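Enquirer: Take this sequence and fold it.
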Amino acid sequence: MLRERHRSFTGSTTLLKELNRSLVLDALRQQGSLSRAQLASLTGLTAATISNIVEELIAEGYVRSEGQGASQGGRKPTLLSLVPGARHVIAVDVAVDRVTVAITDLLARTLAMEVLPSPAGKAPLAVVDEVAAAVENLAHRRSCPPILGVGVAFPGPTDVETGTALTAPNLPGWDHVPLRDLLAERVKLPVYVENDANAAALGEKSYGAARGVRHLIFLLLDLGIGGGFLFGGEIYRGFQGAAGEVGHMIIDINGRRCGCGSTGCLETVASGIALVRRRAERLGREEPEKLSLLLDAARLGDAQAVADLNEAARYIGVAVASLANTFNPEMIILGGRLAVEYPPFFDLAAETARPRLLPLIQHHTQIAMTGLGRNACLVGAASLVLQTIFQPLRLAGNAP
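Expert: All right, here's what the predicted structure looks like:
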């Protein structure tokens, strides 16, 4: 794959140099310790080019020598490895009930984080100010090496070219918010904005359950329901950037009114919001309880909570089968709190989906649990920035 990428691009000397650096860095990220000869073999670059790039990366602190490898008949080769702490990244996961801001290393591993209150009911500018303050606190607290940028996972369609949050069905008031520019102005760093499920799909491909997978759908099952589509290794966003709104597939034409304005959406029967609202109605409460309390009740054996989650899981299973039959991905990953924090939900959804897959794809479609736990969107946000050094030609130019 690395050699294929090298052959696919031609252009200016600067562009080729950037690509060659990314090939070396990505090989070390994926493989761990490698010799110069192994790097040349993996990337298709000449020994002289590898030598020049390696010396440059060592001088910049990205790469270090790490002892000697096994001899292949001559001198033992010097092994090289990535220095994960050479640079840091800020990752921001904007969710309906919280905003998480973290600082990560070059392997998207969280080093420190702050969890901010829900953005619901707040003006976008106020939320941006809170995030900017958290970024400053994290950077100062850890005496950071250089920070490459900020990745933001947002719960709705985005325009990645301009870094604009187009809308958020479960966050009223977030319509056409220039999120990239507002945050970049405050933190003085490049900012990259992406839909949360798309970001999670990227995170899974680079650091989670979907390494090596090129055709992937990630379903984010939380208070809302979102989908991230990777086809041919690239995010599919659709004509207006709104692809992946799986929560607004129509399940029941006579169903409940959804927050998007339609009726009978998947979110009205299978989302965390729908589950806690239904439970509140049944118990005669004006305010729904937190999703975590519903999941706790189910884990403790509350029969009604278990029944509600099982019904939602079956709806998700039907949606998984429909998506698999329509798009034929290699893998569909289920993430978000419904899947991660109540494992029977995943099991029942997969059990419901498998017999409904077309015979041609039934034994070739993987249905998997997220490999990143609750941090899928956060790792995905970090990967938006990390792409700039590991796969710079894939990024759409989101940062100013």
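
Enquirer: Buried residues, stretch 365-378. List them.
Expert: Neighbour-count burial for stretch 365-378, counted by 16 or more other C-beta atoms under 10 Å, picks out 365, 367-372, 375-378. C-beta here means a position set from N, CA and C on the backbone, and glycine is covered the same way.

Enquirer: ugh, wrong one, stretch 30-49
Expert: Neighbour counts over stretch 30-49 (16+ other C-beta under 10 Å) mark 30, 33-36, 38-40, 42-43, 45, 49 as buried.

Enquirer: Start and end of it, how far apart?
Expert: Taking C-alpha to C-alpha, to the nearest Å, stretch 30-49 runs 20 Å from one end to the other.

Enquirer: just to revisit the earlier point, present the buried residues of stretch 30-49 as JSON lines; the columns should include pLDDT and secondary structure.
Expert: Output for the buried residues of stretch 30-49, formatted as JSON lines (pLDDT from 0 to 100; DSSP: H, G, I helix; E, B strand; the rest coil):
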{"residue": "30", "pLDDT": "89", "secondary structure": "helix"}
{"residue": "33", "pLDDT": "92", "secondary structure": "coil"}
{"residue": "34", "pLDDT": "93", "secondary structure": "strand"}
{"residue": "35", "pLDDT": "93", "secondary structure": "strand"}
{"residue": "36", "pLDDT": "93", "secondary structure": "helix"}
{"residue": "38", "pLDDT": "93", "secondary structure": "helix"}
{"residue": "39", "pLDDT": "94", "secondary structure": "helix"}
{"residue": "40", "pLDDT": "95", "secondary structure": "helix"}
{"residue": "42", "pLDDT": "93", "secondary structure": "helix"}
{"residue": "43", "pLDDT": "92", "secondary structure": "helix"}
{"residue": "45", "pLDDT": "93", "secondary structure": "coil"}
{"residue": "49", "pLDDT": "94", "secondary structure": "helix"}
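
Enquirer: Residue 139: which of those residues is nearest?
Expert: Checking the buried residues of stretch 30-49 against residue 139 by C-beta to C-beta gives residue 30 as the nearest, at 27.9 Å.

Enquirer: you'd agree residue 92 is up against residue 104?
Expert: No: under the criterion of C-beta atoms under 8 Å, residue 92 is not in contact with residue 104, lying 11.1 Å apart.

Enquirer: What residues of stretch 208-223 count as buried?
Expert: Per 16+ other C-beta under 10 Å, stretch 208-223 contains these buried residues: 208-210, 213, 215-223.

Enquirer: Greatest separation within the buried residues of stretch 365-378: which pair is it?
Expert: 365 and 378 (27.0 Å).

Enquirer: coming back round to it: just the buried residues of stretch 365-378: which are in helices?
Expert: 376-378 (DSSP state H).

Enquirer: Go through the residues you listed and name the one nearest residue 171.
Expert: residue 377 (14.5 Å).

Enquirer: quick one on the thing from earlier: need the buried residues of stretch 208-223 in TSV (columns: pLDDT, distance to residue 299 and secondary structure).
Expert: What follows is those, written out as TSV (pLDDT from 0 to 100; distance: C-beta to C-beta, whole Å; DSSP: H, G, I helix; E, B strand; the rest coil):
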residue	pLDDT	distance to residue 299	secondary structure
208	95	24	coil
209	96	23	coil
210	96	27	coil
213	96	31	coil
215	97	34	coil
216	97	29	strand
217	98	27	strand
218	98	24	strand
219	98	21	strand
220	98	21	strand
221	98	16	strand
222	96	17	coil
223	94	18	coil
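
Enquirer: among those, which two are most distant?
Expert: Among the buried residues of stretch 208-223, 215 and 223 lie farthest apart (C-beta to C-beta), at 27.7 Å.

Enquirer: what about stretch 332-339, how long is it end to end?
Expert: Stretch 332-339 has an end-to-end distance of 13 Å (criterion: C-alpha to C-alpha).

Enquirer: Name the SS class of the residue nearest to the spatial centre of the chain, please.
Expert: Nearest to the geometric centre of the chain sits residue 200, at 1.8 Å (C-alpha atoms, centre = their mean). Following DSSP: H, G, I helix; E, B strand; the rest coil, residue 200 is assigned to helix.

Enquirer: what does residue 184 give?
Expert: Residue 184 ends up helix, using three-state DSSP.

Enquirer: my guess is it contacts residue 191, does it?
Expert: Yes: contact criterion C-beta under 8 Å: residue 184 and residue 191 qualify, at 4.4 Å.
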